[in-house]
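Peer 1: sequence plus the predicted model coming up.
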Amino acid sequence: MAHNRVVSFFKTPVFLAKEYFHRKPDPHFQYDFVNGDLKAKAAQDAATMRRDGIVILPGFFKGEQLQQMQDAFETAVAGRPCKKNPDTLLNTEFLHEHFIFLKAALDDYLLEVMAGYFQKRFSIGRYSAIRIMPTDAGRYGSFQWHHDSRGRQINVQMLMSPVSAEGQCMTYLKGSQDVYYDHYRGLAGGSRFEKDLDLAKDPALASRVVKLMGPAGTVGLFDSNGLHSGNRNNVEKRDTVSFNFASKRHFKKFTVRKEHLEALEPKKRQILQFNPHCEIIA
C-alpha cells in the first residue's frame, strides 16, 4: 500500500465530513434574481444540473453585449502567454479592469440557476480568460479526465469564440458530480481519472459524455466535482472566460473597483463580498 494511500485512510473520515457540510444546503437561504417565466426556466436548469451536473445555454450572450465582451477579451489576453500550456494565453487578474465581465458573471439568470443549485450563499472564487490556440492533440494536466479537487463548486464557462464538436471543446461526464472521494482521490494527482475511464470499451459510459460547444456567447454551467476534460487539437482556437463560484471553501483573492461595486445592486455586492478575500480598490 503506497504511503499516500495510508495517509488517505486516516484522513478520509474528516475529509468526507468536511465535504458533506460543504455541500449541505442552508434551509434559510432565500433568493430572487428573476421572476415569472424566467424563474421557472431557471428552476428547470438547476434541476438539470442536479441530474446531469451540467447545463448548456447556447448563445446566451449576444449582440452588443457579446461584442463588448469579445473586445475586452482581446485586451485581457494580449501578451499573456501561459507558462504551463503551450500555445495558450492566460489572464487571471482582469476583473477590476473589465466591468463588462463582472456584469456577465453576475447576470440575473445565471445567478438564479446557481442559487437554485447551491441552495446556500456563494461568491466568485476565481476566474480566468484563456485563449487556446490550435495545437497537436495531447492528454496532460487539465486536458485529461479530472475533477477540480475543490468539492461542490460551479464553473461558469463563457465561449468568446465559436466552438465546434470537432474543436477544442470541454467534455463532461454527466451524472458524475455527486461522488464523494476519499482523501487520495479528492486531491492533486488522485483527482486525475484518465486511466479509469475507457470510453471506447464502454458505450454506456461514452453515452454520458456531453460537449460544451456552440456559437460565441454560449455559456456552460457545471459542477466541477464532476469529471471533465479539456481537449487539444488543430481544428480551431477556443476563447473562454470562466468563473468559478464557491459556497464556502477555496476562495481566492480578487480585486474589484469601488465604482464598479457601487454600480451593482446591493444583493450582487453581497455576493462579491461573501468572498472574504474580495479587495476593493479605487
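Peer 2: Nice, thanks for sending it over.

Peer 1: pLDDT weak spots in the chain?
Peer 2: 1-3 (pLDDT under 70).

Peer 1: what about the strands in it?
Peer 2: Counting by DSSP state E, one finds strands in the chain at the ranges 54-57, 88-91, 123-132, 154-159, 170-173, 209-212, 219-223, 228-229, 238-246, 254-257, 278-281.

Peer 1: so which of those is nearest Ala104?
Peer 2: Closest to Ala104 of the strands of the chain, according to CB to CB: strand 154-159, at 6.5 Å. For every residue, glycine as well, the C-beta is placed using N, CA and C.

Peer 1: counting by contacts, list what that closest one packs against.
Peer 2: helix 108-118, strand 219-223, strand 238-246 (3 or more CB pairs under 8 Å, 6 or more residues apart in numbering; DSSP states H and E).

Peer 1: deepest of these, which one?
Peer 2: Of all the helices and strands packed on strand 154-159, strand 219-223 has the most neighbours on average by mean count of other CB atoms under 10 Å, namely a mean of 25.

Peer 1: tell me which residue is most central in this protein.
Peer 2: The residue lying closest to the centre of the chain (CA atoms, centre = their mean) is Asn155, at 1.4 Å.

Peer 1: quick one on the thing from earlier: what would the helices and strands packed on strand 154-159 look like in a markdown table with distance to Val6?
Peer 2: As requested, the helices and strands packed on strand 154-159 are arranged in a markdown table below (distance: least, CB to CB, whole Å):
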| stretch | distance to Val6 |
| --- | --- |
| helix 108-118 | 34 |
| strand 219-223 | 30 |
| strand 238-246 | 30 |
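
Peer 1: out of the ones you listed, which is closest to Val210?
Peer 2: Of all the helices and strands packed on strand 154-159, it is strand 219-223 that lies closest to Val210, at 9.1 Å by CB to CB.

Peer 1: how far does the closest one sit from the chain's center?
Peer 2: Remark: strand 219-223 is offset 6 Å from the chain centroid, using CA atoms, centre = their mean, to the nearest Å.

Peer 1: mind listing what the closest residue to Lys248 other than its chain neighbours touches?
Peer 2: Leaving aside its chain neighbours, Lys248 sits nearest to His22 (5.4 Å; criterion: CB to CB, 6 or more residues apart in numbering). Going by CB atoms under 8 Å, 6 or more residues apart in numbering, His22 touches Gly151, Arg152, Ser247, Lys248, Arg249.

Peer 1: out of those, who's nearest Arg50?
Peer 2: So of these, ranked by how close each gets to Arg50 (CB to CB), first place is Arg152, at 11.1 Å.

Peer 1: quick one: the longest helix along the chain to strand 219-223, angle?
Peer 2: Ranked by residue count and defined by DSSP state H, the top helix of the chain is helix 3-23. Counting by axes from the mean of the first three to the mean of the last three CA atoms, to 10 degrees, helix 3-23 points 110 degrees away from the direction of strand 219-223.

Peer 1: counting neighbours, what do you get for Asp32?
Peer 2: The burial count assigned to Asp32 is 10, neighbours taken as other CB atoms under 10 Å.

Peer 1: what of Gly36?
Peer 2: Gly36: 7 neighbours (other CB under 10 Å).

Peer 1: go on, Leu199?
Peer 2: 15.

Peer 1: same thing with Pro86?
Peer 2: Neighbour count for Pro86, taken as other CB under 10 Å: 13.

Peer 1: try Gly79
Peer 2: Using other CB under 10 Å, Gly79 is surrounded by 7 other residues.

Peer 1: next one: Thr255 from Lys84, what distance?
Peer 2: The gap separating Thr255 from Lys84 is 23 Å, by CB to CB, to the nearest Å.

Peer 1: quick one, which of those two is more surrounded?
Peer 2: Of the pair Thr255 and Lys84, Thr255 is the one with more neighbours under other CB under 10 Å, namely 13 against 9.
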